[in-house]
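Student: for reference, the sequence and a predicted model appear below.
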Amino acid sequence: MTSWKLSIAAAAAVALAASAASAETIKIGFNTPQTGFAAADGKSVLTGAQIAIDTVNAAGGVNGKKLELIVYDDQAKPKFAVPIATKLIQQDKVAMGISGSYSAPTRASAGVYQNAKVPYISAYAVHPDITRAGNYVFRTGILGSVLGKAAAKLVGDKLGKKRVVITIMKNDYGKALAAGFKSVMANYGIQVVNEYQYSLRDRQFGPIVSSIKGDNPDAIFDTGYWFVAAPFVSQLRAGGVKAVVVAQEGYDGVKFIEIAKKAAEGVIIVTALDRDSKDPAVVKFMTEFKKRTGYGADMVGASGHAAVMVAAAALKKAGSTDRAAIRDALASIKVDAITGTLSFNKLGEVQKSLKVQEVRGGGWHYHSEITDAKLLTPPDK
Amino acid sequence: MNYSDLLVQGLVEGCIYALIAVGLTLVYGLLRILHIAHAGIFTLGAYVGLLLTNETGSFAAAFVITVVAVGFFGMAFYRLFYEPILDKPPHVALIASIGLFVAMEEIYRIVFGATSISFLAPPLKDTVEVAGVRLEEGRIAVVVLAVVLIGGLAVLAGRTRIGIAWRATVSDAAMAESFGIDLARVRYINFFVASALAAAAGVMVALLLNQVIPTMGGVPAYKALAIIVLGGLGNVKGTLIAALALGVIESFGTIYLDRVLDRDAIAFAFLIAVLMIRPQGLFARR
Amino acid sequence: MYEISLLTVMSFSVIFALSLNLITGFCGQISLGHAAFYGIGAYSAALFTTDGGSFWLALPLAMAVAGFFGFIVGFASLRVRHDFLAITTMGVGFLFTGFVRQQDFLGGEEGIAGIPDPGIGQIPYMLLCAALATAVIAFSLYLKRSWMGHAFDAIATDEDTARTLGIDVARYKLTAFVFGTALAGLAGALFAHYVKFVEVESFDFIESISVLAMVIVGGIGSVWGVVVAAAFLSVLPLLLQVFADFKLLIYGVLLFTVMYFAPGGIDSLMRMLWRRISGRRTAG
């Protein structure tokens, strides 16, 4: 019952805040799934973004004004994303937009933002075509293909594992990761002994596990999200597969360990967040996130935080809410965010170094870093 | 490739399908309703079972309480939502049921949160080796449960008064009523049994995955429909066979057909192929 | 301009809902996989225009391709009936998404991005969608009163009786499927050029269920009821933004409530209202 009351209170508070704050704020549009199948990620990204907004405002805001997020629920559907983008731009007159949503709605609204020449940042949607919508569209999340390359270096070079099974989650993210991995694996002497595909809805991996046991690989590179991965890794270990599991940002959350328990030990991932970091911004984000949501921070939440920080820095650098000036600021900016030092190439893709994290003693911990700038260069067209 | 591994994994999965689908086919057999919200009851079972286990520390006690409580919930659900619209055309109940399912998922999200919740100390996680196949104890428990619950049901249906009344009502409601059978009572029991089975499946799936989310009923919602149609709508034996067959077909299909079609599409390709040859399903009613 | 955006969504949703109404409402063949044809239309139009084809040719092309597949699926309706047909069509929907996911020429999981703008501007595009929706409404009204409409109705009421009356059931069922799926293809092409990005999730089971809900909430077989329901339900989540957390819950409860209190849908509500008004008029 308390959740109900809380939700109502929160809705009322948002409504009040929206009416009270008017001319003095700088508005940033934010589309995210708040209901339906993607609501969990929507909640994380919005929490991360709001922590960032509160941090900026507590420090006096930007250019003497407070930041304000205008949030709409797109249910992760492109057909709702287009009207929402239109509304944010034309009715709410936002200075810029941030997507806290999945690839399809982000790609659809990117076109609307580009046409209206309003800057738009994708926080964690990974579709390669998003930034190709035009020069007003940026991405603070790292591309699946780049992450895949980094994972190949981790597997073949750092860990020295050569016989690899790839398990591919069937969506744009999983496919891009696998493609990136394969594009450079020969450089590290990696040989793929087998590959499997599964859908986001699959939770029973018995057949795949049985088959992997027969493949007897040194390592398994998995491209899934934590909610699929936790049962997968549990079932791998229950089935007696001992190969090291190497994965990526999609695993990066406390929930993964909470579900997979002992099976999670030894899983190693390429990601953007270092949970052992002493950086006060990271520490503050982690504690604040846990306080607001009741669960540990995840990568989606961190992405929301980073996107808002980049937006704030760009607004500050532009010195106004002129949209063209904000775009130019974004194009040349360098921001220290909790997901690394971010800058954009001419396509609007982010360039940053990556962290390697490992599950030890029931938590994510620092393993190493991947700083190979050439390997981590995103495509620029 | 270890074929016996694939077969066993498929059968375990088939047992989960069976626990969900038998309830659905019971409801269809008696009321001609495609009860989509059954998947919402499955999810309710998962939540209640998990929260009770975390609260009491005993999985076994939580399991029994959940199954019985959700069974009663199913009766109330029928009384409140379905009974008043039984005389309407079938699509009315179908859309009403879809609406209820959407609403249930959203209520779970609002009450329990959008993110998954897990067992603090999941039981039955050790593995044992059965005939050369390594299996988690939880999976063996699923098979045992399916055999005991569905087998027990079959015995009850064959031997007891209420069981006989139930079968008579399924085969001809008007005739049964003229013989003095209390239709309302049969329907209540029907919903109790169906919902209890769904709850049992829900708790077991929650345990196997150690994860409960508001939308976990999404896949069972449509896959169980495919199974009961394959089994010949309303035919319990057919549903059982279809559930196990689908589990095994998916198991092999995941490995051998996945480049062509994904798991869901494999199930439905099989379904369409069967229906084009036998329009009444693998096993027609009666 | 936000309103223009909403009107565009409403317009192609009306076409989509009426296309299913032809099959399920007029001819009584329930379908739980109609989004597949919406998707086929969207994908064919998207492939054609991204390849440099003209938007104006893409519309009839989408109708033809969707109608062709509808013709094939129509044969299924000759073989299975009622709930079995419902589940078969649901299977067709899953086969469509399962197939598209694995095809590189359809963009696989990544879908097709960069669909060119029809180049007529936002308002004219809305007007085009609205005009086509009006044409489909007119066509539906005409069809309902035509001889073919009566034949459909006879099949919907009782297929076996229709057959004994000498109605060529197979031919009419196939016709209903071809018309209905071709119009779904048209709606899909308009959708694709509105969001300018198609991917398979937009045409999944949920979408099939949503469009069926529009038809049934509108009043199965009723043209105006379905138009109202489609226009309303398609933008309801956007209108309910203020209710944030409860939006989808309201949608679910609404579906149930309409079925519970007015199983005839909006159509029966409108008739009731009309009787009240005209009754009062004669009384006064």
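Tutor: It's in.

Student: so where's chain A uncertain?
Tutor: Along chain A, segments meeting pLDDT under 70 span A:1-23.

Student: how about residue A:194, nearest residue that isn't a chain neighbour?
Tutor: Take residue A:194 and drop its neighbours on the chain: the residue closest to it by C-beta to C-beta, 6 or more residues apart in numbering or on different chains is residue A:215, 4.6 Å away. The way it works is simple: take the backbone N, C-alpha and C, and place the C-beta from them, glycine included.

Student: how much space separates the one you found from chain C?
Tutor: Remark: distance between residue A:215 and chain C (C-beta to the nearest C-beta, to the nearest Å) = 22 Å.

Student: what's around that residue, how many residues?
Tutor: Using other C-beta atoms under 10 Å in any protein chain shown, residue A:215 has 18 other residues around it.

Student: hmm, it is touching residue A:196, no?
Tutor: No - between residue A:215 and residue A:196 there is no contact under C-beta atoms under 8 Å: 9.4 Å.

Student: and for the two, which residues touch both?
Tutor: Counting by C-beta atoms under 8 Å, 6 or more residues apart in numbering or on different chains, the residues touching both residue A:215 and residue A:196 are residue A:165.

Student: so which helix or strand takes in residue C:276?
Tutor: helix C:265-283 (DSSP states H and E).

Student: wait, does that helix contact chain B?
Tutor: No - counting by C-beta under 8 Å from any C-beta of the partner chain, chain B has no neighbours in helix C:265-283; the shortest distance is 9.2 Å.

Student: buried set for that helix?
Tutor: For helix C:265-283, burial by neighbour count (16 or more other C-beta atoms under 10 Å in any protein chain shown) applies to C:265-267, C:269-270.

Student: ok, and what's touching it?
Tutor: Counting by C-beta under 8 Å, 6+ apart, C:216-222, C:224-226, C:228-229, C:258, C:262, C:264 sit against helix C:265-283.

Student: residues contacting residue 197?
Tutor: I went with chain A, as the question did not name one. Per C-beta under 8 Å, 6+ apart, neighbours of residue A:197: A:167-170, B:258-259, B:262.

Student: hmm, I had chain B in mind actually
Tutor: B:19-20, B:22-23, B:149-150.

Student: for the closest residue to it other than its chain neighbours, helix, strand, or coil?
Tutor: Once flanking residues are discounted, residue B:197 sits nearest to residue B:23: 4.3 Å by C-beta to C-beta, 6+ apart. Recorded secondary structure, residue B:23: helix (DSSP: H, G, I helix; E, B strand; the rest coil).

Student: so how do I select the buried members of the contacts of helix C:265-283 in ChimeraX?
Tutor: Of these, the buried ones go into a single ChimeraX selection, burial set by 16+ other C-beta under 10 Å:
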select /C:216,217,218,219,220,221,222,225,226,228,229,258,262,264
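
Student: near chain B, from the contacts of helix C:265-283?
Tutor: C:216-217, C:220.

Student: tally of neighbours for residue A:372?
Tutor: Neighbours of residue A:372 (other C-beta under 10 Å): 14.

Student: wait, isn't it in contact with residue A:153?
Tutor: Yes - taking contacts as C-beta under 8 Å, residue A:372 lies within contact range of residue A:153: 6.5 Å.

Student: got a list of contacts for stretch A:76-88?
Tutor: Under C-beta under 8 Å, 6+ apart, the answer for stretch A:76-88 is A:29, A:31, A:33, A:36-38, A:42, A:70, A:72-74, A:94, A:97, A:101-102, A:104-109, A:112-113, C:1-2, C:4-6, C:9, C:191, C:194-195, C:197, C:199, C:202, C:235, C:237-238.

Student: same thing with stretch C:171-182?
Tutor: C:19-23, C:26-27, C:29, C:34, C:37, C:40, C:63-64, C:66-67, C:69-71, C:73-75, C:77-78, C:143, C:148, C:151-152, C:155.

Student: buried ones in it?
Tutor: So for stretch C:171-182, counting by 16+ other C-beta under 10 Å, buried means C:172-182.

Student: and the residues you listed, which of them are in helices?
Tutor: Among the buried residues of stretch C:171-182, the members found in helices (DSSP state H) are C:172-182.

Student: near the closest residue to chain B within the stretch 101-250 of chain A, how many other residues are there?
Tutor: Ranked by C-beta to the nearest C-beta, the top residue of the stretch 101-250 of chain A for proximity to chain B is residue A:206, at 3.0 Å. A count of neighbours around residue A:206, defined by other C-beta under 10 Å, yields 27.

Student: looks like it contacts residue B:11 (just checking).
Tutor: No - between residue A:206 and residue B:11 there is no contact under C-beta under 8 Å: 9.9 Å.

Student: in the stretch 151-286 of chain B, what spans have low per-residue confidence?
Tutor: Scanning the stretch 151-286 of chain B residue by residue, the ranges that satisfy pLDDT under 70 are B:284-286.

Student: can you pull out the helices in it?
Tutor: For the stretch 151-286 of chain B, the helices defined by DSSP state H, counting those that start in this stretch cover B:161-171, B:173-178, B:183-209, B:218-230, B:236-256, B:263-277.

Student: what does the fourth one contact?
Tutor: To tie it back to what came earlier, the one meant is helix B:218-230. A:37, A:201, B:17, B:20-21, B:24-25, B:28, B:34, B:36, B:38-39, B:42, B:101, B:105, B:201, B:234, B:238-239, B:242-243, B:245-246, B:264, B:267-268, B:270-271, B:274-275, B:281-282, C:83-84, C:87, C:90-91, C:94, C:205.

Student: the helix or strand where residue C:253 lies - contacts with which helices or strands?
Tutor: Following DSSP H and E, one finds residue C:253 within helix C:247-261. Packed against helix C:247-261 by the contact rule (3 or more C-beta pairs under 8 Å, 6 or more residues apart in numbering or on different chains; DSSP states H and E) you find helix B:90-112, helix C:205-218, helix C:223-239.

Student: now the nearest residue to residue A:71 once chain neighbours are set aside, what are its backbone angles?
Tutor: Nearest non-adjacent residue to residue A:71, counting by C-beta to C-beta, 6+ apart: residue A:30, 4.7 Å away. In terms of degrees, to the nearest 10, the main-chain angles of residue A:30 are phi -140, psi 110.

Student: run a quick neighbour tally on residue 127.
Tutor: You didn't say which chain, so I picked chain A. For residue A:127, using other C-beta under 10 Å, the count is 27.

Student: nope, chain C please
Tutor: 16.

Student: for the residue of the stretch 101-250 of chain A closest to chain B, phi and psi?
Tutor: Recorded main-chain torsions at residue A:206 are phi -40, psi -50, according to degrees, to the nearest 10.

Student: how close does it sit to residue B:134?
Tutor: In this view, residue A:206 and residue B:134 are 10 Å apart by C-beta to C-beta, to the nearest Å.

Student: just the strands in the stretch 201-350 of chain A please.
Tutor: For the stretch 201-350 of chain A, the strands defined by DSSP state E, counting those that start in this stretch cover A:219-222, A:244-248, A:268-271, A:334-337, A:340-344, A:350-351.

Student: packing partners of the host helix or strand of residue A:184?
Tutor: When elements are assigned from DSSP H and E, residue A:184 belongs to helix A:172-184. Applying 3+ C-beta pairs under 8 Å, 6+ apart, we find helix A:172-184 packed against helix A:144-153, strand A:163-169.

Student: contacts for it, please.
Tutor: Contacts of helix A:172-184 (C-beta under 8 Å, 6+ apart): A:103, A:126-128, A:143-149, A:151-153, A:166, A:168, A:192, A:195, A:221, A:223-225, A:248, A:250, A:375, C:108-111, C:199.

Student: may I see the buried residues of that helix?
Tutor: Buried, per 16+ other C-beta under 10 Å, within helix A:172-184: A:172-182, A:184.
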